[in-house]
Every structure is written in structure tokens, then in C-alpha cells.
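1. structural data only, the sequence is not supplied:
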């Protein structure tokens, strides 16, 4: 089955800048790869050891001499590692999207830059779109939740010792969405595994995210018969997107189709034209459509009425991978492959059936409970929202959080909430954790704004040189690779503000300012 593109993860490694520490490279002995066939570590079985000297056998396009190793840890945690003959003494691990189940091939190819790269399927083989493998299998659930990444990191370091005669000087992890959750889980549970962690759009509050997905699915598709006839159409979403931008696009002083911070946007759904006689049309909203959209903007509450997860912020309604794919549908891939209307519907039902209730017949349309409450046991396995990073900080670990403001999947407000909780617990937390919000960026990438950031370079300079990031530059390129737009990202709570002079598509014409320094938003 073709994997949903939104649930796959790949990484392009940015070159280490000249300001980063230059470590002496280690060269593996000619017999090092062959010797790995005798590698012995408790509960680890190697299934492949291949000495790759040229393009023949270069499965992951490393394009440099390396040793390709695959194996199984414990019951079924599959992993693959690329050990370059010319090693920069750094380990890089990549995260997994969705429900994992496959090797992150994108990160493995980065061995061409000298990194020992490694990835895991977290204990099962499957598309990242399904959780059927988790039904009544607590071991696999734990491997997915937190053990798979940790055990693979341990094996990666042991392989380095056996191959090069030395463990990595520095170890890094990069992931987005579920991969971002994996990174946070490492910082919280296994702080010795990595020196630097890049956690993008982290699905840290997995149980509350599932509750939000369920809320939206029940609102948009109260009965499965609506799968082919969505209440809220793509025309409605296009209208809504236009009205939101009309209200809020210029609040930052620039009319560019990008909302700087949705919290500044006080959009009234009632301002959108009501359909005469409540007859559906592309230029208005019916009462039913208005109810659905209002429910999506509303927060999740538990049985006691307490808010457990924020409602969807404005600003991602009509983006290419926005509401139509994630929330209101119809998403073609989800319909054809999983028989559900949207990616949120897919993720919520899979989580409920195979993790929360262990019932493959569970029907979202009949459920009237509080998923926030019913999923608490599952939360002990998958939620990575513990604000206590003291052990990670004590060993001088560094964490970068980032999140796109136009994310229609994982709510960006949840990442801000987590960061605020970390800082509330430790007022000095900015010494080891920084958050960067990305205006106009969708889930993990994409959208109208620049989203390409050399995060690995940023975290390397912070870990190895002590250069804490306060401003980084995001870029957007055309199909030829030419940069057509750049914007600065400022360490939260600072924001990038246009100076009023020069090209608004050039980061050089923006400055980072605190809330007290920013000009008050204009009312219209």
C-alpha cells in the first residue's frame, strides 16, 4: 500500500557551517565492516552487514563508502544504520511519522556527510497510517511509545564503538510530528541518549490530539454516509480562507497571505455571509456548515468541562495541506486507502480501535464518551508532555522546538503550552530549550511561507560551540532550487517584524522584537 505522503518523514542534512566545531574525522579499518558480522550485543541480531564501496549496493544513496547494517532488537524492533568509512564522530537519528512502522530512509542517506546515521521502525512493519499491529499487544505499544528509539540509539553507539573503536562524540536526533514526539520522549525519559534534539510540530499530547481529531471528525462527518458528501465543501473552505485573510492578513503590516500570529486575529465566523433560505452555495455558509466550522475552532473538553486541548487556530483553512486534507475532507488518499474521509479521521479511529479500546469494531459515530478521559492509560505510554527536563539540562543537552502556525494537524498552541510549562517549572529553561514559531507553515513543511531551516546546523553550533539560537533564517525555493523568499524566525516569544523598508520577501528587512517592542496590531 502506498504510504500517505503526510505521514512519511525525510530529512536533508544541511552542511555544518564553518562556525561549528570541526572534529577530526576517524577512518574505519579496511576490515571493520566484515568484523561487524561478529558483533555481539544482548538481544540484538544483525540481519545484514554489507560493505558498500561504490554505487553497486548503495541502497540508500549514501554516495560514499560505508558499511550498511540492518538488524532486530528484542522482539521486533527493526533498525538500519549507515556507517561511513570517513566518520565525523557524530551520530544522527531520524524520527518516524504517524504510527511509524518503517525505516526513515531520508536520514540514512545523510551518511554521505560523514554522520553515522540510524533509524528504526519502532517495533513493527506497517504503513504509518495504520495501528492494527497494536491490538492487544502491549510490547509493541511500548516499543512505539518510547522504547524503540531508545534501544536503537543504544545499539547505534555500540556499533560505532565496534566499527571505529570509539563511541560518538556527539549524538543528535531530528524528527517532526510523531518524530517530534519521539524527540521529546527521549529528552524526558532517556536524557543520556542525545546531546541535541530537534523536535518539530511535536505530537507530544498524543491522547489529547486524538480527542481533538475525534471532535472534528464527529462534527464534520456525524455519519459515515457523509464520507462522499462532506457537509463543509472545498468551496466553503476557500470562502472561509479568503475571509480570514481579509480580516487578519495585514495585522503584521504586510499583505502577503501569511498570518504572523493567529492569536492576534479576532475573526468572527458570523461575519461570513449566511446562505439565503439556508440553501448551500459557494459564496455563503449554511447553518449546518457554520456549526461544523465553529466546532472545529472550539477546544476539546473533558467530562467535567475542563479544556484539555485548544481549538484550531485560524489561518490554515485553505492551504494545500490544510483543512481539506486533515479536517473537513475529502482527502483522496485517506478515502481510497483507509476508507475514511480525512487524515484526522484516520488517525483518531486507528488510535481508538487499536490502542485505547482494543476493539477493531469501534465506531466513532456512536461514541459519546470523552476520549481525553478514556485514553489516560494510553497516555502513560505515548504522551511526551512532561515539562521536567532537568536531567537533560544537567548533562548539557540542548532542545529546539519548532512549529508552523498554519498546521492543520498538530495544534501549534499545544507546543507553545508545553514550552510555557517548561519555563514555568524552570525560569532558566531558555538556556537549554528554545522554541521557534513559523508563520504560514503547514504540518512539518509547506505553505505560503518559508519553511526550510538548517536545524541540524543550528543545534550543532549550540551543542558544540555554545551558540544559543535567537534568530534563524527560513527560506523558500522554487522548483529549480532557487531561493525566492526568506524570513527570520525569532526565539519565542519574540517575533519577526518588518522594518518598513525593502523587499518583504527578504529576511534582511526584518528584526526580532519582544512583545513590548512590537507595534500594536491594526484593527483591520
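-> Looks like it arrived, so ask away. The shown structure was predicted, so the numbers you read here are calculated from the model rather than taken from an experiment.

2. can you pull the contacts of the closest residue to residue 53 other than its chain neighbours?
-> Take residue 53 and drop its neighbours on the chain: the residue closest to it by C-beta to C-beta, 6 or more residues apart in numbering is residue 65, 5.3 Å away. (C-beta placed from N, C-alpha, C; glycine too.) By C-beta atoms under 8 Å, 6 or more residues apart in numbering, residue 65 lies in contact with 52-54, 84-86.

3. show me where the stretch 251-400 of the chain has its helices.
-> Ranges of helices within the stretch 251-400 of the chain are 287-297, 323-326, 332-338, 343-351, 371-374, 376-382, 390-394, based on DSSP state H, counting those that start in this stretch.

4. likewise the stretch 1-150 of the chain?
-> Using DSSP H, counting those that start in this stretch, the helices of the stretch 1-150 of the chain run over residues 32-35, 105-108, 138-142, 148-164.

5. residue 28 is in contact with residue 83, correct?
-> Yes - here residue 83 reaches residue 28: they are 7.0 Å apart, a contact under C-beta atoms under 8 Å.

6. what residues do the two have in common as contacts?
-> Residues touching both residue 83 and residue 28 (C-beta under 8 Å, 6+ apart) are 67, 163-164.

7. now, of those, which are buried?
-> Using 16 or more other C-beta atoms under 10 Å as the burial test, the shared contacts of residue 83 and residue 28 include 67, 163-164 as buried.

8. now do the lowest-mean-pLDDT helix or strand in the chain: which elements does it pack against?
-> Within the chain, confidence by mean pLDDT, DSSP states H and E is lowest for helix 332-338 among all helices and strands, at a mean of 85. For helix 332-338, the packing partners by 3 or more C-beta pairs under 8 Å, 6 or more residues apart in numbering; DSSP states H and E come out as helix 343-351.

9. report the inter-axis angle for the helix it packs on versus helix 287-297.
-> With axes from the mean of the first three to the mean of the last three C-alpha atoms, to 10 degrees applied, the angle from helix 343-351 to helix 287-297 works out at 60 degrees.

10. how far does helix 343-351 sit from its chain's centre?
-> Relative to the centre of its chain, helix 343-351 is centred 16 Å away, using C-alpha atoms, centre = their mean, to the nearest Å.

11. who's in contact with that helix?
-> Helix 343-351 is contacted by residues 4, 6-7, 98-99, 129-132, 206, 209-210, 212-214, 216-217, 221, 325-327, 329, 331, 334, 338, 340, 362, 364, 371, 375, 378, 409 when judged by C-beta under 8 Å, 6+ apart.

12. returning to that earlier point: more neighbours, residue 83 and residue 28?
-> residue 83 (28 against 21; other C-beta atoms under 10 Å).

13. okay, that one: pLDDT?
-> With respect to pLDDT, residue 83 scores 97.

14. just give me the neighbour total for residue 101.
-> Close neighbours of residue 101, defined as other C-beta under 10 Å, add up to 23.

15. what segments of the stretch 401-524 of the chain are strands?
-> Counting by DSSP state E, counting those that start in this stretch, one finds strands in the stretch 401-524 of the chain at the ranges 433-438, 471-477, 483-490, 495-498, 510-513.

16. buried set for the second one?
-> By 16+ other C-beta under 10 Å, the buried positions in strand 471-477 come out as 472-474, 476.

17. again, but for the longest one
-> Taking 16+ other C-beta under 10 Å as the neighbour-count basis, strand 483-490 is seen to contain the buried residues 485-490.

18. nearest to residue 383, of the shared contacts of residue 83 and residue 28?
-> Among the shared contacts of residue 83 and residue 28, residue 163 lies closest to residue 383 (C-beta to C-beta), at 35.7 Å.

19. for residue 37, see how far away the closest one is.
-> When C-beta to C-beta, to the nearest Å is applied, the distance between residue 163 and residue 37 equals 12 Å.

20. likewise for residue 510?
-> The spacing between residue 510 and residue 37, counted by C-beta to C-beta, is 54 Å.

21. which one's more surrounded, these two?
-> For residue 510 versus residue 37, the count of surrounding residues by other C-beta under 10 Å is larger for residue 510: 22 against 10.

22. contact partners for the more buried one?
-> If you count contacts by C-beta under 8 Å, 6+ apart, residue 510 has them with 487-488, 496-499.
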